[in-house]
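Student: Coordinates for the following, if possible.
(2 chains, ligands or ions: 4)
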Amino acid sequence: MVQMLEVRNLRTQFKVDNGIVQAVDGVSYHIDHGEIVGIVGESGCGKSVTQLSLLQLISSPPGKIMGGEALFEGVDLLKFKSDSEQMRKIRGGNIGIIFQEPMTSLNPVLTIGQQIVESVMLHLKMDSAAARKHAVEQLKLVGITDAEQRIDNYPHQFSGGMRQRAMIAMAMACRPKLLIADEPTTALDVTTQAQILELLKDTVKHFDTSLLIVTHNLGVVARYAQRIYVMYAGRVVESGTSNDIFANPRHPYTIGLLKAVPRLDEPKGHKLVPINGLPPSLINRPPMCAFLLRCSYRTEKCYQEPWPELKVVDGQHCVSCYVDLPAKKLGSGGNVTILQLMNTAGMKDPSAELSDIVASTVSQKDQLTNSTYQSSEEILLEAKNLKMYFSGTKGFFKHEAAQIKAVDDVSFKVRKGETLGLVGESGCGKTTVARCILQLYSPTGGGIHFEGRNILGQPKRGLRNMRRRVQLIFQDPYSSLDPRQTAGSIIGEPLKVHKMVASKQEYSHRVAELFEMVGLDPSMEDRVPHEFSGGQRQRIGIARALATNPSLIVCDEPISALDVSIQAQIINLLEELQEKLGLTYLFIAHDLSVVRHISDRVAVMYLGRIVEITDWKSLYENPLHPYTKALLSAVPIPDPFVEEKRERIILRGEVPSLLNRPTGCCFHPRCSEAIEDCSSIVPTLKNVGGGHEVACIKM
Amino acid sequence: MKMTTATVRHIEHMELPPRISEFRRFLRVFLSRKVVIFGSIIILALLLIAIFAPLIAPHNPTQQNLWETLQESSGKHLFGTDHLGRDVLSRIIYGSRISLAVGIVSVGIAGCFGMFLGLLAGYFGGIVDTVIMRCIDALLAIPPLVLALAIGAALGGGLGSVMISLGIALLPTYARLIRGQVLSVKQTDYIMAARVVGCSDLRIIMMHVFPNCLPPIIVLVTLNLGFAILAEAGLSFLGLGIAPPAAAWGAMVNDGYKYLLTNPILSFAPGLCIFLVVLAFNLVGDGLRDALDPRLRGTI
Ligand SMILES: Nc1ncnc2c1ncn2[C@@H]1O[C@H](COP(=O)(O)OP(=O)(O)O)[C@@H](O)[C@H]1O
Ligand code: SF4
Ligand code: SF4
Ligand SMILES: [Mg+2]
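Tutor: Ligands and ions are numbered 1, 2, ... in the order given. Here you go, the predicted model:
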């Protein structure tokens, strides 16, 4: 039978100054009619280049397709010239493409409509009136309201989620037989991600299109893909049905990935198992298995033999590894108990039976931390009615002054030694809260009490003192280190600034100690940030924050810019340091699984306000605010069994702009439980028992 | 489970190139391109010529000889003689003293003060920015040569006044350029990180802002050197520069201009020297920028 797309032994390389990047090294895969297939791998493993190669979109030079076949309905696409008639008919016609960053793949100077019409006229040979009508229908189909008006908007007038919808509309407009979605939701928030993925699935089902989802997020493919290919360093290292990959992973890398990501349904206190080391550089790679240096199953043979071929282990399940790891049940594999636990969204009233299961799966460490945290009542940091308003402009001529209430009446306490997680979608004010606490902004109102004293508006000396006690870890490890300073002087700077060392020897000693503390080799102190990997840079950032012996560290999305396999290393490091140094964390993130893993208590923010705050257990097992419930149900879980059984609350609409904050409960336009009063009464945080506070008038 | 820090380090360490000392790395990158070496040699040679001019010059540069005016190049006068019978080669050799001094000192003045003002304006913003940038804008509105003339006239003639007036005339571009750089560097996370760490403003400016604003300045400096050397001629022509018999390249280009058709070498020879200076500084500037660029570390 002829497959829809069959790629055989594709090889693509890039010539760079210091060698050859073998970006795609003999990749083979296929997609059948109407199938949804996932390609998973960390950034830089060649997922995108594979797709770009078969569409002949590789810029050459430096890129070059060295060999292989890409059979689309039996015809080899690589035989055609890149700019030939046939290729142009394929791209956008028979094969639709959606890229990660919708802003850069839409032309900013053309309206959404013009862009859809253009490709429809080209591929479907319609006249412009018919094409426009067709375009409006497409936009309606992907859930854009007022499609007749919005069609004349420019891309920048669309929000991120809407742009991705428009991209889907555009890609589907020509009725492609295959849709390739390269990281379609990576730039989006979790609730929007859930919307877009559902939309993708429904759309391809509706038109009987095959779908290839390329992503680094195992959770995303678990729910949708029938078959999965796991890529590493330019090769497919494991492939099989979704069930094979998640319930019975056989390649050490796949196993590692699954163990390295925190899951919403894992027992708390479970330590993540990071994949050590770094993804290999693809430049002049040695011939051995590329996972060798990071692999804990490696044997003598792995050092001597070339990279193993992909071999069938059973049925469709193929693995490229010399060590035949016994099939073991890693995922839940239909495990009913965890399945029940998992149905977070519907978990309002856990039955006695369920709580028994909870108790039995919760590890000892968890109970320990739970009890210590309850006994420590000393409050380290308290935000009282914190407000931060920025001035913005509104209206067509931008002259109407408007206030952006980025943080509006936020109060919370952080106890000594605990981790308070702060979650919410982008733009909800998390970073603003962090910057207010660090006094990088001067808040419009309210107070911040640190160790019992209000630290707002204090003189310079007090501020310097506070700088020693409260530190920040940044999200972006690339931009938060001065590119022209060496790692040593970045980490040592706080010591100098606060005159914390008496002599040169003490300085070098302390810097070396800080290097060791975060798992870096002190001999690397002469290197500049550019010479470090993302994870190593984040370690430098952490060491800098530790230099002054702070008691509170605000972590602002410290792992979200890192590769999946590196995230676990950093989370573990943060946990270790907390234990060793008795640190208190305010941990800001948008990834609810990570927050669940690391936090003792969690606060959920929406549009500048806290809507729910409580200990992690109540929040994740008994979420009360409708927004929290929706957030939790939107988090994908890397386990197809769990995903199949899970009910999903798909939020309608998108996060409104802070300039037009809805009246009353600002969540009411999207809330599925809203009643009439919700649009007029502003709910405040109410204690519903056991320190569980919720801001909803129905409580 | 304890994190196996040792393994992590072991593996990560293997990924990095072997370590060399900071200075050796700088030199290695700097000298890795032949053109940079070429530029450095030219600059070094010109400096030596300027310093040892009296030893090198075959003739007295101001000695007139009305019997031998406008001669072609010959064994006695390699570049011929000018309209007053002075040896062109000797004048070029002596002229390097004034021309190089004017170029380097005036661009130095412009760079130092311009960058200082630009840093202040960009970093502190608000009223400081408004006041400084208003003045800078006013200066920018006047063509640099006219501005230099006005300042030169106010200061009176002489080499020093030429350098100062050219320096002030060139200063606004530096201030503007660096202010723009500061504004973008100021937005970065690493500046915020420096504030979180508790650095003073002075430290942030000197350690973090300034070094990251430098690269485009290097390009501007090389462009301005040629301008300053030529402009000196203009000022001298109007009687504000150095007194006539003394030699300077700009003035020689100007004087030779009248004989362009008959004795082109009179203009070409000094013009070529100016070109060489600009080229050499340009090449060295590029090399310097690369050697200071942290992104190129480890690759060369
Ligand atoms: N234009 C290019 N020049 C050199 N190398 C490139 C180029 N484009 C991609 N690469 C390299 O190809 C590899 C695979 O990249 P990519 O497919 O984008 O990864 P992924 O999609 O998995 O994130 C990376 O090592 C990347 O650096
Ligand atoms: S081949 Fe060897 S090194 Fe590679 S993944 Fe398998 S066991 Fe590990
Ligand atoms: S107050 Fe109303 S709109 Fe807001 S969360 Fe509660 S039910 Fe929903
Ligand atoms: Mg990619």
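
Student: What's the separation between B:Val221 and A:Thr663?
Tutor: Here the criterion is CB to CB, to the nearest Å. By it, B:Val221 lies 59 Å from A:Thr663. (Glycine included, C-beta is placed from N, CA and C.)

Student: mean confidence score for stretch A:140-149?
Tutor: The average pLDDT for stretch A:140-149 rounds to 82.

Student: got the end-to-end distance for it?
Tutor: The stretch stretch A:140-149 measures 11 Å between its terminal residues, going by CA to CA, to the nearest Å.

Student: same thing with stretch A:450-460?
Tutor: Between the opening and closing residues of stretch A:450-460 there is a gap of 16 Å (CA to CA).

Student: tell me the mean pLDDT over that stretch?
Tutor: For stretch A:450-460, the per-residue pLDDT values average out at 83.

Student: burial count for residue 47?
Tutor: Answering for chain A, as no chain was given. Summarising burial for A:Lys47: neighbours were counted as other CB atoms under 10 Å in any protein chain shown, giving 24.

Student: Correction: the question concerned chain B.
Tutor: When neighbours are counted by other CB under 10 Å, B:Leu47 registers 13.

Student: would it count as being in a helix?
Tutor: Yes. According to DSSP: H, G, I helix; E, B strand; the rest coil, the state of B:Leu47 is that of a helix.

Student: State the distance from the nearest residue to it once chain neighbours are set aside to ligand 2.
Tutor: The shortest distance from B:Leu47 to any residue other than its chain neighbours is 7.2 Å, reached at B:Leu100 (CB to CB, 6 or more residues apart in numbering or on different chains). As judged by CB to the nearest ligand atom, to the nearest Å, B:Leu100 and ligand 2 stand 63 Å apart.

Student: And the helix or strand containing B:Leu100, what does it pack against?
Tutor: For B:Leu100, the element it lies in under DSSP states H and E is helix B:88-124. The elements that helix B:88-124 packs onto, with contact taken as 3 or more CB pairs under 8 Å, 6 or more residues apart in numbering or on different chains; DSSP states H and E, are helix B:34-51, helix B:53-56, helix B:126-141, helix B:159-186, helix B:210-213, helix B:215-237, helix B:249-256, helix B:265-292.

Student: So which of the ones you listed is nearest A:Gly46?
Tutor: Taking CB to CB as the criterion, A:Gly46 comes closest to helix B:265-292 out of these, the separation being 30.4 Å.

Student: Compute the inter-axis angle for that closest one and helix B:34-51.
Tutor: What separates the directions of helix B:265-292 and helix B:34-51 is an angle of 130 degrees, with axes from the mean of the first three to the mean of the last three CA atoms, to 10 degrees.

Student: relative orientation of helix B:265-292 and helix B:249-256 in degrees?
Tutor: Helix B:265-292 and helix B:249-256 meet at an angle of 150 degrees, taking the same axes, to 10 degrees as the criterion.

Student: Pull out the buried residues from helix B:265-292.
Tutor: Buried residues in helix B:265-292, counting neighbours by 16 or more other CB atoms under 10 Å in any protein chain shown, are found at B:265-267, B:269-271, B:273-274, B:277-292.

Student: quick one: low-confidence ranges for chain B?
Tutor: Counting by pLDDT under 70, the ranges of chain B that qualify are B:1-22, B:241, B:243, B:296-300.

Student: Nearest to the spatial middle of it, which residue is it?
Tutor: When chain B is reduced to its mean C-alpha position, the nearest residue by CA atoms, centre = their mean turns out to be B:Val221, at 3.9 Å.

Student: got a list of what that residue touches?
Tutor: Counting by CB atoms under 8 Å, 6 or more residues apart in numbering or on different chains, B:Val221 makes contact with B:Val107, B:Gly111, B:Phe281, B:Gly285.

Student: of all the residues you listed, which comes closest to ligand 1?
Tutor: B:Gly285 (28.0 Å; CB to the nearest ligand atom).

Student: and the nearest residue to A:Pro184 once chain neighbours are set aside, what pLDDT?
Tutor: Of all residues not flanking A:Pro184 in the chain, A:Ile98 sits nearest, at 5.2 Å (CB to CB, 6+ apart). The predicted local distance difference test score for A:Ile98 is 85.

Student: how deep is A:Glu647 tucked in, by neighbour count?
Tutor: Per other CB under 10 Å, the neighbour tally for A:Glu647 reads 9.

Student: cool, and B:Ser184?
Tutor: A count of nearby residues for B:Ser184, using other CB under 10 Å, gives 11.

Student: That one and ligand 1, how far apart?
Tutor: Using CB to the nearest ligand atom, which is the criterion applied here, B:Ser184 is 26 Å from ligand 1.

Student: Tell me who's in contact with that residue.
Tutor: By CB under 8 Å, 6+ apart, the contact list for B:Ser184 is empty.

Student: try 10 Å
Tutor: By CB atoms under 10 Å, 6 or more residues apart in numbering or on different chains, B:Ser184 lies in contact with B:Gly122, B:Asn212, B:Cys213.

Student: who in the stretch 51-200 of chain B is up against chain A?
Tutor: B:185, B:187-200 (CB under 10 Å from any CB of the partner chain).

Student: give me that answer again for 7 Å
Tutor: Near chain A, the residues belonging to the stretch 51-200 of chain B are B:Thr188, B:Asp189, B:Tyr190, B:Met192, B:Ala193, B:Arg195, B:Val196, B:Val197, B:Gly198, B:Cys199 when assessed by CB under 7 Å from any CB of the partner chain.
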